[in-house]
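Peer 1: Fold the following and give me the result.
(3 chains)
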Amino acid sequence: MKELKDFPISQFQDALLSWFERNMRDLPWRKDRDPYKIWVSEIMLQQTQVDTVIPYFNRFMERFPSLEALAEAPEDDVLKHWEGLGYYSRARNLQTAVKEVQEQYGGKVPDEPNEIAKLKGVGPYTAGAILSIAYGKPEPAVDGNVMRVFSRIFAIQEDIQKPKTRKLFEELIRGLIPENSTSYFNQGIMELGALICRPKSPQCMFCPVIEMCQGRSLGIEQELPVKQKKKKPKLKKMVAGVVLANNMVFIRQRPETGLLAKLYEFPNLEWEADAELEISKYLYQTYDFQTETSARYEHVQHTFSHLIWDITVLELNLVGEVELVEGQLPVRLERQPFLTNAEAGFWVTLEELDRYAFPVSHQKIKKQLLEK
DNA sequence: CATGCGTGGCA
DNA sequence: TTGCCAAGCAT
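Peer 2: Alright, predicted model coming up:
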């Protein structure tokens, strides 16, 4: 590793560890070394800021205090506790992996790299984080913080978006990590990235390792790390129907793969020419509903990382001869052979709506319905 | 390897 | 307002 030639390794370790011990934040998942808690926190923290995670983590631990509790919980319950946090496959993969640990490892989170890496949702970063933080193993845990900090310290100009670059940093860290302080070393780098070596306007005057930073001495710390620019999200015109009958509303669960998988939503589709006509036609063809528009809600605009939904929201009343039985569909599904399970829905009372996990976009629709 | 996958905060 | 960013992973 050419970067480490002439680099004062032990001086760097000492300065970093000393700084971390003096400046580490008091976070809920730092109260003990329970591998289960470390694991949950690391999954929640993927692409998500600490301040956002804290309340979710606390509620999650209250409801699923142990690995066993999470393994036994209904999936809908897990998703409900993830509602609003985003990247929902994290929650489902976590539970899948927790069940695996319960069954294959007797409920003990594995402490071997090749075992833990097999678990759903546990990639190179998370594996390294759990192994080092919970078990003290000398494994690198390379996330965005770590790549930013070390790309500055060693003035590395590789694009950190590329998978190959992560491996470069892993090898670098294997030569830097102190055998007896792996947990604090890895956390210290991330903490330094979060508090001092930030993406914009890094606080170099407070940095414990400023003398060892090549990026700083070259005056290019602001230009690092090198990163590809993101594409613009693409606009999609959606129309959603809030279908009402007898004080109940019709919702459905999204398909088990893809965007917002397994979350609940109001029936909707992408429209081309006439939102109102197309949603009513869709509701008739898919669910045998005959409807008339009863209100227009405000448009809901929602931006994802890769696309934008502009949702026209219509409230529709069921008309015609409909026999409504609580908890049952007012249509006979057996007469709809083309109706996929994904599109199948059900009626709920307005009070029951809160039991289901909605993506934020449909929470906005729900809010308008309840405030009406 | 490139792309899909959420959301909220910030300048 | 818009773009960027945050403790990544699955496919």
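Peer 1: from memory A:Trp82 sits against A:Ala91, does it?
Peer 2: Yes: between A:Trp82 and A:Ala91 a contact is recorded at 3.9 Å, counting by C-beta atoms under 8 Å. C-beta here means a position set from N, CA and C on the backbone, and glycine is covered the same way.
Peer 1: tally of neighbours for the closest residue to DNA strand C within the stretch 51-200 of chain A?
Peer 2: Nearest residue of the stretch 51-200 of chain A to DNA strand C: A:Gly123, at 2.4 Å (C-beta to the nearest atom of the strand). Using other C-beta atoms under 10 Å, A:Gly123 is surrounded by 11 other residues.
Peer 1: Who are the contact partners of it?
Peer 2: A:Ala117 (C-beta atoms under 8 Å, 6 or more residues apart in numbering).
Peer 1: Against A:Phe358, how distant is it?
Peer 2: 28 Å (C-beta to C-beta, to the nearest Å).
Peer 1: next one: A:Lys364
Peer 2: 9 Å.
Peer 1: Compare neighbour counts for those two and give me the winner.
Peer 2: Using other C-beta under 10 Å as the criterion, A:Lys364 and A:Phe358 rank with A:Phe358 on top: 23 against 18.
Peer 1: which strand residues sit across from the nearest residue to that one once chain neighbours are set aside in the sheet?
Peer 2: Among residues not flanking A:Phe358 along the chain, A:Tyr264 sits closest, at 5.4 Å (C-beta to C-beta, 6 or more residues apart in numbering). Going by DSSP bridges, A:Tyr264 is paired in beta bridges with A:Gln253.
Peer 1: Could I get the pLDDT score of A:Tyr264?
Peer 2: pLDDT, A:Tyr264: 96.
Peer 1: Name the next helix or strand downstream of the helix or strand of chain A with the lowest mean pLDDT, please.
Peer 2: Ranking every helix and strand in chain A by mean pLDDT, DSSP states H and E puts strand A:345-349 at the bottom, with a mean of 89. Using DSSP states H and E, the helix or strand that follows strand A:345-349 in sequence is helix A:360-371.
Peer 1: Shouldn't A:Leu269 be within a strand?
Peer 2: Yes: looking at A:Leu269 with DSSP: H, G, I helix; E, B strand; the rest coil, it is inside a strand.
Peer 1: just checking, it touches A:Tyr282?
Peer 2: Yes: using C-beta under 8 Å, A:Leu269 is in contact with A:Tyr282, at 5.4 Å.
Peer 1: Now the helix or strand A:Ala295 falls within: buried residues?
Peer 2: Taking DSSP H and E as the definition, one finds A:Ala295 inside strand A:291-296. Buried residues in strand A:291-296, counting neighbours by 16 or more other C-beta atoms under 10 Å, are found at A:Thr291.
Peer 1: Who does that strand pair with, and is each partner parallel or antiparallel?
Peer 2: strand A:307-318 (antiparallel).
Peer 1: re the thing from before, and the least confident helix or strand of chain A, what does it pack against?
Peer 2: strand A:248-253 (3 or more C-beta pairs under 8 Å, 6 or more residues apart in numbering; DSSP states H and E).
Peer 1: Give me every residue in chain A that's in contact range of DNA strand B.
Peer 2: A:47-49, A:51-52, A:84-89, A:161-164, A:200, A:258-261, A:302-307, A:359-361 (C-beta under 7 Å from any atom of the strand).
Peer 1: What about DNA strand C: which of those touch it?
Peer 2: Among the residues of chain A next to DNA strand B, the residues within reach of DNA strand C (C-beta under 7 Å from any atom of the strand) are A:47-49, A:87, A:89, A:200, A:305.
Peer 1: which among those end up buried?
Peer 2: So, of these, A:Ser89 end up buried under the neighbour-count rule (16+ other C-beta under 10 Å).
Peer 1: Check what pLDDT A:Arg322 gets.
Peer 2: One correction, residue A:322 is Val, not Arg. Residue-level pLDDT assigned to A:Val322 equals 59.
Peer 1: So which bits of the least confident helix or strand of chain A are buried?
Peer 2: A:345, A:347-348.
Peer 1: ditto for stretch A:352-363
Peer 2: A:353, A:356-359, A:361-362.
Peer 1: and the residue in chain A that DNA strand B sits nearest to, how many residues sit next to it?
Peer 2: As assessed by C-beta to the nearest atom of the strand, DNA strand B sits closest to A:Gly86 within chain A, at 2.6 Å. By the measure other C-beta under 10 Å, the count of residues near A:Gly86 is 16.
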